[in-house]
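K.L.:
mind looking at a prediction? Sequence and model below.
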Amino acid sequence: MLLFLGCVVTLTSAFNLPNKSPDVSSRLASISTVAKPAQQRRTLTLADRVAYQRAIEEVYWRHRIWPKENAESKPTLDAIVSQRQIEQQVEAYLHKSQIVTDQRGWPITASELQAEMERMASHTKLPQVLRELFEALGNDPFVIAECLARPALAERLLAYPAVEQVKQTSQTFSHIVAAATGYILPTILDTAGGCVDDSWTATSTTNAPSARGGHTAVWTGSEMIIWGGSDFSGLTNTGGRYNPSTDSWTATSTISVPTARTLHHAVWTGTEMIVWGGYDPDNPPFYLITGGRYSPTSDTWTTTSTANAPSGRVADTAVWTGSEMIVWGGYNNVAILNTGGKYNPGTNSWTATSTTNAPSARDLHTAVWTGSEMIVWGGEDNSSYFNTGGRYNPSTDSWTTTSTSNAPYGRIDHTAVWTGSEMIVWGGYNGIYPNTGWRYNPNTDSWTATSTTNAPSARVYHSAVWTGSEMIVWGGQVYPMFYNTGGRYNPNTDSWIATSTTNAPSGRVNHAAVWTGNEMIVWGGGGNGTFNTGGRYCAQPSTPIVQSGVSRKTHGAAGVFDVTLPLSGTAGIECRSGGATNDYTIVATFLANVSVTGNPQAAVTSGIGTIGTGGVSNGGRVTIAENVVTVPLTNVTNAQTINVTLFGVNGSTNVVIPMSILVGDTNANGTVNASDVSQTKSQVGMAVSSSNFREDVNASGTISSTDVAIVKSDVGTSLPP
């Protein structure tokens, strides 16, 4: 514990808003996206800006990670952010524009907005997302300048965040439009944002949060959110959101924010970042039981309940399960702990974790979430370094001890990642500094040592991320050295490759690291100073390997059932109807996390159908959740075989998924005939299950005469040869 402690780095204004929010789709449809003549002065009403802001938020929401652990389907944007909150976002950036004018004596100019658009296009690290943002604004350079460039530029130009200093004048915010002489839409090059494997690029410090260590970071799918921490001048409760698509920082709100702290935890839920706990050495009781939920969509905080919360602590762990945050272990000024709690943001409530068969009290351990269990391992109790651990099942509130047979030597301040099938622990301290690691398989309750050939040098206070195929270890310390070295470990080959130090950030500890899908971003921390710098490390994903493809439908209360779609040989046959607009959903599961960077991301490249829903194309967009890609299909005609192609998987690979559609072909022989009718009749009244869901042809959740009638109506149809 002493080793651990030794490295802790010590508007409101009146707006003439409509009484009833306008319908956004009709508002956007009514705003012309055709480029206007240079001499024609254009304006945007507040309602126009709100409509465009919602279109921007739709793009970001589409790319927000919805953790695959979450049991519920990803909600719509309307379910998580109100129209008023979107209006407030517009009001906020117009406030800031006015502050910039007041501070420097002249307004943001058209040339500045043009330069900001060009900076975004040339500096973007997510070109596909920036294209979608441009498209959402009609590829209209005037609208892009005012609704995408202006907020980012105003944030950056602020001399200080003094919203209270906005001068109320007769000018209304609807009139804040630069005197344009004609904007030019910049080109987003296909190579923009591309990265070279094993290379570093510095993160921008423009408008970045203040230097700090002991902070937290989460990746949302479109932004990295930094919050809290400390430097030599004290604690902070500020933060920032880094947006790689526009290469810009935005400060997080400080309204209703949790109190300043360090050594706290943060998890991403799919809609919010939850921060909890931590340490404040200046204000008793020092070890905090408070926290907050931050929504990046609305830039708002909600306080977490303290009723039944675990006792305050540090050197504990936290994981997100899909519905709850579980915190466990750690220490405070009273004791080292083996207690914990489960926080449910839906009910804003805490439930204690069982201590029956729980691991012994400890701190400085690690924890990972497997999809069904939390695995904790290692740590210490001031007298022993533990090589023991436990698997906690929140559904049964029960613990199972992890094997110590062939387990690593006990240690603290190591790292742990979950690969999808194994937990990998590496590094740390146990009286010496080992550069060893081990892989734990919970299915077999067994340990396997990782290779030490070419492994990074021993260290503590480093970071580790899982890319989908590799564990990247970086940074850390063995006193008095602060490291800017690291390594990439591939468990499939049990081999290490050193990370480049060319242009790498300076050596540091207590930094934060996230994985974006193709880059590791490290930021902040302390070493020879405290930093607000960072770097993006490119680790090009390996060639994508598809584990499975399915056509997925929800059969009412009976649940979700999949038709297998082989990627080679005879195509799988989807026999269920697609409803009024012939909608289907293909789900591709890859061996490791993937990105899909093509433009469009997907298309029906053979046969008749469109990427979209409800008869409307969505422009070829898919949904990505780590290693799972979901493709919505609409207007898919019957009695055909289609090919759906994913473009730019992991940057350069195209993946083709074939599917045959023949409604009523319950026995999947390529023809609808009397045997299909008979087979469906035999299941009428039976509960829908994995063995008979094909007979629920209309996917209603019950097999009835309606399904029989559908099959009869298609008798005689067959797939083309």
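P.N.:
Yes, it's here. This one's a predicted model, so the numbers in the text were calculated from it and none came from an experiment. Residues are numbered from 1 along each chain as shown.
K.L.:
what about residue 566, neighbour count?
P.N.:
As a burial measure, the neighbour count of residue 566 was computed by other Cβ atoms under 10 Å and equals 13. Using the backbone N, CA and C atoms, a C-beta is placed for each residue, glycine as well.
K.L.:
separation between residue 323 and residue 529?
P.N.:
From residue 323 across to residue 529, the span is 41 Å (Cβ to Cβ, to the nearest Å).
K.L.:
more neighbours: the two, which one.
P.N.:
Applying other Cβ under 10 Å to residue 323 and residue 529 shows that residue 323 carries more neighbours, namely 17 against 14.
K.L.:
ok, now which ones touch the more buried one?
P.N.:
Going by Cβ atoms under 8 Å, 6 or more residues apart in numbering, residue 323 touches 69, 70, 71, 344, 346.
K.L.:
scan those residues and report the most crowded one.
P.N.:
Of the contacts of residue 323, residue 69 is surrounded by the most neighbours, 19 neighbours in total, counting by other Cβ under 10 Å.
K.L.:
just give the nearest non-adjacent residue to that residue, would you?
P.N.:
Nearest-residue entry for residue 69: residue 322, 3.0 Å, with adjacent residues in sequence omitted and distances by Cβ to Cβ, 6 or more residues apart in numbering.
K.L.:
contacts only, for that neighbour.
P.N.:
Going by Cβ under 8 Å, 6+ apart, residue 322 touches 67, 68, 69, 70, 71.
K.L.:
go with 6 Å
P.N.:
Residue 322 is in contact with 67, 69, 70, 71, counting by Cβ atoms under 6 Å, 6 or more residues apart in numbering.
K.L.:
swap in residue 107?
P.N.:
The contact partners of residue 107, by Cβ under 6 Å, 6+ apart, come to residue 101.
K.L.:
still on that earlier bit, okay, and which of the contacts of residue 322 map to helices?
P.N.:
Among the contacts of residue 322, none falls in helices (DSSP state H).
K.L.:
which other helices and strands contact the helix of greatest length in the chain?
P.N.:
Of all the segments of type helix in the chain, defined by DSSP H, the longest one is helix 83-104. Using 3 or more Cβ pairs under 6 Å, 6 or more residues apart in numbering; DSSP states H and E as the contact test, the elements touching helix 83-104 are helix 46-63, helix 150-157.
K.L.:
since we're on residue 617, how many residues are nearby?
P.N.:
In terms of burial, residue 617 registers 14 neighbours under the definition other Cβ under 10 Å.
K.L.:
same deal with residue 197?
P.N.:
Burial of residue 197, expressed as a neighbour count using other Cβ under 10 Å, amounts to 11.
K.L.:
next, count neighbours for residue 517.
P.N.:
For residue 517, using other Cβ under 10 Å, the count is 20.
K.L.:
is it true that it touches residue 595?
P.N.:
Yes: counting by Cβ atoms under 6 Å, residue 595 is a contact partner of residue 517 at 4.3 Å.
K.L.:
so how far is residue 666 from the residue lying closest to residue 556 once chain neighbours are set aside?
P.N.:
Spatial nearest neighbour of residue 556, chain neighbours left out: residue 701 (2.4 Å); criterion: Cβ to Cβ, 6+ apart. Using Cβ to Cβ, we find residue 701 at a distance of 16 Å from residue 666.
K.L.:
more crowded one of those two?
P.N.:
Between residue 701 and residue 666, counted using other Cβ under 10 Å, residue 666 has the larger neighbour count: 26 against 15.
K.L.:
quick one: contacts for that one?
P.N.:
Applying Cβ under 6 Å, 6+ apart to residue 666 gives the contacts 575, 676, 679, 680, 694, 695.
K.L.:
please redo it, this time with the cut-off set to 8 Å
P.N.:
575, 676, 679, 680, 694, 695, 697, 711.
K.L.:
same question, residue 606
P.N.:
The neighbours of residue 606, taking Cβ under 8 Å, 6+ apart as the test, are 641, 642, 643.
K.L.:
among the residues you listed, name the buried ones.
P.N.:
Among the contacts of residue 606, those classed as buried by neighbour count (16 or more other Cβ atoms under 10 Å) are 641, 642.
K.L.:
what would the contacts of residue 606 look like in CSV with distance to residue 539 and secondary structure?
P.N.:
Rendered in CSV, the data for the contacts of residue 606 read as follows (distance: Cβ to Cβ, whole Å; DSSP: H, G, I helix; E, B strand; the rest coil):
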residue, distance to residue 539, secondary structure
641, 37, strand
642, 34, strand
643, 31, strand
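K.L.:
residue 483 and residue 476 touch, don't they?
P.N.:
Yes: under the criterion of Cβ atoms under 8 Å, residue 483 is in contact with residue 476, at a separation of 5.2 Å.
K.L.:
looking at those two, which is more packed in?
P.N.:
The residue with more neighbours, out of residue 483 and residue 476 and counting by other Cβ under 10 Å, is residue 476; that gives 32 against 24.
K.L.:
gap between the residue in the chain sticking out farthest from the centre and residue 348?
P.N.:
Ranking residues of the chain by C-alpha distance from their mean position (Cα atoms, centre = their mean) puts residue 674 at the top, at 48.9 Å. Computed with Cβ to Cβ, the distance linking residue 674 and residue 348 is 58 Å.
K.L.:
residue 317 touches residue 329, doesn't it?
P.N.:
Yes: the pair residue 317 / residue 329 is scored as a contact, 6.1 Å apart, by Cβ under 8 Å.
K.L.:
list residues touching both of these two?
P.N.:
With contacts defined as Cβ under 8 Å, 6+ apart, the residues adjacent to both residue 317 and residue 329 are 365, 367, 376.
K.L.:
report the contact partners of the first one.
P.N.:
Translated: residue 365. Contact partners of residue 365, counting by Cβ under 8 Å, 6+ apart, are 317, 329, 376, 377, 378, 379, 386, 389, 412.
K.L.:
so what's it closest to, chain neighbours aside?
P.N.:
Across the structure, with Cβ to Cβ, 6+ apart as the measure, the residue nearest residue 365 apart from its sequence neighbours is residue 379 (3.0 Å).
K.L.:
in the longest helix of the chain, what's buried?
P.N.:
For helix 83-104, a neighbour-count test (16+ other Cβ under 10 Å) marks 83, 86-101 as buried.
K.L.:
residues contacting the helix or strand just after that helix, please?
P.N.:
Proceeding N to C from helix 83-104, the next assigned helix or strand is helix 110-123, under DSSP states H and E. Contacts made with helix 110-123 from outside it, assessed by Cβ under 8 Å, 6+ apart, are listed as 130, 141, 144-146, 148-150, 152-153, 178-181, 183-189, 192, 245-248.
K.L.:
any idea how far residue 680 is from the closest residue in space to the residue farthest from the centre of the chain that isn't next to it in sequence?
P.N.:
Distance criterion Cβ to Cβ, 6+ apart; nearest residue to residue 674, sequence neighbours excluded, is residue 715 at 7.1 Å. In this view, residue 715 and residue 680 are 11 Å apart by Cβ to Cβ.
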